[in-house]
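[1] Here's a sequence, model it:
(6 chains)
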6 protein chains.
Amino acid sequence: MRIAAFIAHPDYAALFFGGTLVKHARRGDEAFVVAMSPGEVGAAFKHPDKSLDELAAIKTRELEATARVQGVKEARVLRFPDTRIANTPELRTAIIDLIREFKPDIVITHWPQDGHPDIRETAQAVIDACFFAYLPAIKTTYPAHQVKKLYAFGETAASDHFDPDIFIDISDVIDVKIEAARCNEAMVQEISELFSKGDPDPNSWANIFLGPNMHWGQEAGVKYAEPFKELRIHGLGKRALQALPI
Amino acid sequence: MRIAAFIAHPDYAALFFGGTLVKHARRGDEAFVVAMSPGEVGAAFKHPDKSLDELAAIKTRELEATARVQGVKEARVLRFPDTRIANTPELRTAIIDLIREFKPDIVITHWPQDGHPDIRETAQAVIDACFFAYLPAIKTTYPAHQVKKLYAFGETAASDHFDPDIFIDISDVIDVKIEAARCNEAMVQEISELFSKGDPDPNSWANIFLGPNMHWGQEAGVKYAEPFKELRIHGLGKRALQALPI
Amino acid sequence: MRIAAFIAHPDYAALFFGGTLVKHARRGDEAFVVAMSPGEVGAAFKHPDKSLDELAAIKTRELEATARVQGVKEARVLRFPDTRIANTPELRTAIIDLIREFKPDIVITHWPQDGHPDIRETAQAVIDACFFAYLPAIKTTYPAHQVKKLYAFGETAASDHFDPDIFIDISDVIDVKIEAARCNEAMVQEISELFSKGDPDPNSWANIFLGPNMHWGQEAGVKYAEPFKELRIHGLGKRALQALPI
Amino acid sequence: MRIAAFIAHPDYAALFFGGTLVKHARRGDEAFVVAMSPGEVGAAFKHPDKSLDELAAIKTRELEATARVQGVKEARVLRFPDTRIANTPELRTAIIDLIREFKPDIVITHWPQDGHPDIRETAQAVIDACFFAYLPAIKTTYPAHQVKKLYAFGETAASDHFDPDIFIDISDVIDVKIEAARCNEAMVQEISELFSKGDPDPNSWANIFLGPNMHWGQEAGVKYAEPFKELRIHGLGKRALQALPI
Amino acid sequence: MRIAAFIAHPDYAALFFGGTLVKHARRGDEAFVVAMSPGEVGAAFKHPDKSLDELAAIKTRELEATARVQGVKEARVLRFPDTRIANTPELRTAIIDLIREFKPDIVITHWPQDGHPDIRETAQAVIDACFFAYLPAIKTTYPAHQVKKLYAFGETAASDHFDPDIFIDISDVIDVKIEAARCNEAMVQEISELFSKGDPDPNSWANIFLGPNMHWGQEAGVKYAEPFKELRIHGLGKRALQALPI
Amino acid sequence: MRIAAFIAHPDYAALFFGGTLVKHARRGDEAFVVAMSPGEVGAAFKHPDKSLDELAAIKTRELEATARVQGVKEARVLRFPDTRIANTPELRTAIIDLIREFKPDIVITHWPQDGHPDIRETAQAVIDACFFAYLPAIKTTYPAHQVKKLYAFGETAASDHFDPDIFIDISDVIDVKIEAARCNEAMVQEISELFSKGDPDPNSWANIFLGPNMHWGQEAGVKYAEPFKELRIHGLGKRALQALPI
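    The predicted structure is shown next:
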């Protein structure tokens, strides 16, 4: 099975669905992660000493390192302009072509109701691209491909009306999720500063960072879980079943 | 597998989820249908010549006949007061005990946001009873039983905010659904009068009666479908999965 | 009375509000239908053998033929780019000018919450254009015109939160709706393949195709109905009445 | 035409739909107003010196006086227990029988999502009673009667999700609305104290009291308007039209 | 300042707003907690060996012990019937009188949209009672009292549409919250079994148990937070301010 | 304290939050108002005799005069194209730079769900700009600045789902609000024509114009109030409190 995640900026791959990527990689699935932008403008907030180009390079390397630990087959960082990502034909075409190149059964993206314009626009572009990718008359480098399922992952503070209906049990890969997250130095440092100060336990940042996974885990009856919500791909009918599922 | 439907009045079993009952019966599942009331007060609207007791007897026989055609193992009609059904401890206790007697994996009931008080109250009582049925300290005739899934079926005109997420393909049993519906004489007559007058085709009532199934079928990419929406059973956590489903 | 429909692609005029167009034409109303794009990219999915230009020509002729059967006075197909329609000043200006040319009392368009970007963008452009069309300082070819009512028609699978409040009884023109729909060969073939296979009745495609109209008809107490929902035109106050309507 | 309003306590008839009653009375319509309770428990908050029985008598007289000024044919005050009104079979039976006695074409009641339990319960009982009143097998003093339309009026602070779709222009009867409201001494005094203190204009209480009518008037393009929202009567299909309304 | 919490069953006081109670107690506020029922029927699920009376006694002692650790001034457990709590006049009267006895400025209760009937009914009874408690004509043991603010606390799995707007930073009292929670043996054991098995850290149950507080803490920029949402008390106007708050 | 309002067209500053501006000015706060466009295209509807440039100049002078009466420190009118305002990087950059120039603690804008495209786009651009203004890597003329609170003001007819939670008591500055509104000649004339005709009182336009303020005042227990609703600034966590607020 093949799975591809399209996100606005690199950090989200470790934070919000990193455990799920590990789970799929361990099953032998081929996973791909693409960030639309290195997120260097946002990163500069915490690193005023570094140039935007340096930050873009760091963020790109960090996503690649994260992916290696997670078992993700390939991670890419595009250079759409951070803080100015828009659901234009150009963005959609790029995503359509990546979908056709990676041929995923499942696509993962942001929940589209979000306070960050880059996230809103990326999510909508991915939703639209999943439909357009199987129209052969839209010509790109690779031939048309039909995605079977599209899921939004959940974030914390900025998502509105995110009411997940699918929970992936990541309890058995939680250590790998943490190890992969550690590849994102700035993020680890930020979490440590914000939430863990004064805590003698060097791992306390990870405990805190996993709070949402514990919370969702309680909803799902397991130790740690990552939440998802299915999004509809236009033109792909709701699937009819032959019996009510238990 | 075992499946039990709890409804306010008998007619709904033919109209709204009759095809799904046939599908399950054909798989070898044991199905049960229980109406809280014969619906004799509503039935008297079209049959002012008959007494309420006669109507109750007719409606009860019709549900039993419907069930036989559908392959439903057992149909019962309780005598809670038509137009005055209320989610009281008595009603809940009756449903709890029936759940424990039939031991269903799946329970089906009305969508609770409805304009008919009997339907609202029945649906809420069933939702509550699915939770209470597995608390052993609530003593009834039969021992505690845990229902695994609870689904609401969809009606037409009176349901608010019913947005189904599960569609059962009933295309291959549509004839049995119609034949079972034919057991409900008053309903057939009412549909014929309302919608088919002047139509020379003696089967036109059935075409019309299947309109919603055709409509939902189009949503689901099949010829005929019945729509359902999962309801949450309190205390039963959302289930965690080991991977995103395709 | 004058009525104008603005839609993203041609097929919708037969499927979703074709009966209503016939009803208005029979009353002597002048009806106009404009598609923003021939929808050739979507059409190529089923017709990989034909060029996009051929498909555009076919779709345009089919809309014109449909309109003739429906009694629609004029149908036009614009050439905004299929799958890339956007609510730009250019699109809005085109619609504003068409509103001013046709001078409709009533405008019909898509429900704006839809999974197809072309539909979302067209619907919003029409909503905006109904407001802008009566601002004389926005200069186009024709003088300012005030639309009195704006309605969204309902589709099937892709519309979210469409809760219609107006139902047009099309029972007496259902044959004309079907005859007009027959002008759209690809659509007829697609419906036949999807839903009617194995059915000996050569008209079964139409029965299936009318499923939603039967469904909505049941809501409205008639045999066949098409559903609509009023949209607000900015600057046009809600109308005050002198008494509560019966 | 006949119109009947069922409300929890007397004051609402002057405040929230008094102008509409005057408009209908002036057209020659027969109007009826019934309060479920005198509202004496609430009234005692401002009048600790009076007994509950005195307050019940005062409130009853005030509603009768209000009705006379409004041209309402008959006003009644039932004695269901203030602050303990519940949607019981008894309450529903009382309303069913009043509907059958007054034979209204139109029924008016509260919007059911309200912070006062008496209002919630009264509104739901009226919604249910409009359905039950035309079932002949539910026996009360008077024969079955079918209400054609049911409207909720709008209040101010306590209603949730009230989004009116009908506005009655009461500009030409605003003086009568004020005069009728003046019959409710406690309410006038309360409004004067709360909002008008220090204002030299003796009529300022009425200006303030009419604020919502001015506000809704602006929505509807008239000087003063009262807002309503149609509620669905179970079993009464949405009405099909022969053409889209202008 | 005085604060009173009214809950369906005892456990919630430790789990969902225990830290907030500690914070208020440390400020010198007088806090009161009342459970409507000991929750013995639910407790019997995990303790089939104990009688309902034993369980009621245990649960009552545990709430009292929890309260002592939290610094709560008084905890009471009423004997309304577990799994059959209903928003009756009797329940409301009990809560009204407790409000009048404790004279709280702030009342805390459940969010009313919940899958457990006891919670739904308790929450609605508390909302109603906050209004009724200041109507002097409703006579109970103690004189009328006006509650100033009413807040719903948040639970995990069973609450619908809970979108908190207030977050209490409990980072500095997290140890006390855990210590108080430890008084509830069955709950600790249940959490340990469900979520912590195999974890060598004896405190891991508490880490898991605090997952939601970490999650909400991230939303609010602190280490641990408990979420609340203000509910409207009928008759208490929204408060007007003299300037926009920073 | 510093406060800045960003609106699509000038009139809104007098109508919808004029009293609040006066209140803040009287406290000694520095207030700024910026309109994205003079709104000359809309204004031409009522003034077909004047050129768009004349109208732009008039509207600009009127906003400046309004601001002087209100005590607003500075009012500016930008020249983004009326009826074609769009949330482009250019518009956002302009607003970001104005936020950084004025350094407001509080920003005010439209509620984003509105029927006028200019209002929708302006509101969303302001929401985005409040986030981007404190990212130092987004370079504009002035250095980064962090807005503390963002509020939407309420309009009348065109806003959807505006459910205010903050009410500013403007009773003591109502005369100044009216005097400032009088600076907008066209608006005064329009209101007078629409709502006050035939009314001998020369001030009746103002009474009508204040209807919404009376209505919201009743919600908030004061004579006149202006309503607001807080909007979330991305990246600014919900604030944690140390105790529940009374």
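[2] from here on, contacts and neighbour counts on C-alpha atoms
    Noted.
[3] which residues touch A:G18?
    A:70, A:177, A:180-181 (C-alpha atoms under 8 Å, 6 or more residues apart in numbering or on different chains).
[4] Which of the residues in the longest helix anywhere in chain A are classified as buried?
    Secondary structure of chain A read by DSSP state H shows that its longest helix is helix A:52-70. Neighbour-count burial for helix A:52-70, with 16 or more other C-alpha atoms under 10 Å in any protein chain shown as criterion, is recorded at A:52, A:55-56, A:58-67, A:69-70.
[5] I'd like to know which elements that helix is packed against.
    helix A:18-26, helix A:40-43, strand A:74-77, helix A:174-181 (3 or more C-alpha pairs under 8 Å, 6 or more residues apart in numbering or on different chains; DSSP states H and E).
[6] Apply 6 Å and report the result again.
    helix A:40-43 (3 or more C-alpha pairs under 6 Å, 6 or more residues apart in numbering or on different chains; DSSP states H and E).
[7] Report how many residues lie close to whichever residue of chain A sits closest to chain D.
    Here chain A gets closest to chain D at one residue, A:H161, 17.7 Å apart by C-alpha to the nearest C-alpha. Using other C-alpha atoms under 10 Å in any protein chain shown, A:H161 has 11 neighbouring residues.
[8] which SS class is it?
    coil (DSSP: H, G, I helix; E, B strand; the rest coil).
[9] Now it: closest residue in space that isn't a chain neighbour?
    A:Q113 (7.4 Å; C-alpha to C-alpha, 6 or more residues apart in numbering or on different chains).
[10] buried ones in stretch A:80-94?
    Using 16+ other C-alpha under 10 Å as the test for burial, stretch A:80-94 gives A:80, A:82-83, A:85-87, A:91-94.
[11] Give me the phi and psi for A:L231.
    phi -110, psi 150 (degrees, to the nearest 10).
[12] roughly how far apart are A:T109 and A:G154?
    From A:T109 across to A:G154, the span is 9 Å (C-alpha to C-alpha, to the nearest Å).
[13] quick one: secondary structure of A:Y151?
    Relying on three-state DSSP, one would call A:Y151 strand.
[14] can you pull the pLDDT of the residue nearest to A:A43 when sequence neighbours are not counted?
    Spatially, and ignoring its direct neighbours in sequence, A:A43 is nearest to A:L55 (6.9 Å; C-alpha to C-alpha, 6+ apart). If you check A:L55, the pLDDT there is 96.
[15] between the helix or strand hosting A:P227 and helix A:174-181, what angle do the directions make?
    Taking DSSP states H and E as the criterion, A:P227 maps to strand A:225-231. Between strand A:225-231 and helix A:174-181, the angle comes out at 80 degrees (axes from the mean of the first three to the mean of the last three C-alpha atoms, to 10 degrees).
[16] Quickly run through the sheet partners of strand A:225-231, with directions.
    strand A:149-153 (antiparallel), strand A:166-169 (antiparallel) (DSSP bridges).
[17] I'd like these as a markdown table, with mean pLDDT appended.
    What follows is the strands paired with strand A:225-231, written out as a markdown table (pLDDT from 0 to 100):
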| stretch | mean pLDDT |
| --- | --- |
| strand A:149-153 | 97 |
| strand A:166-169 | 94 |
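[18] Please identify the most buried of these.
    strand A:166-169 (a mean of 26; mean count of other C-alpha atoms under 10 Å in any protein chain shown).
[19] Next, count neighbours for A:F162.
    Neighbours of A:F162 (other C-alpha under 10 Å): 19.
[20] and if you look at A:D29?
    17.
[21] residues touching A:R120, list them.
    A:112, A:114 (C-alpha atoms under 6 Å, 6 or more residues apart in numbering or on different chains).
[22] Many thanks, have a good one.
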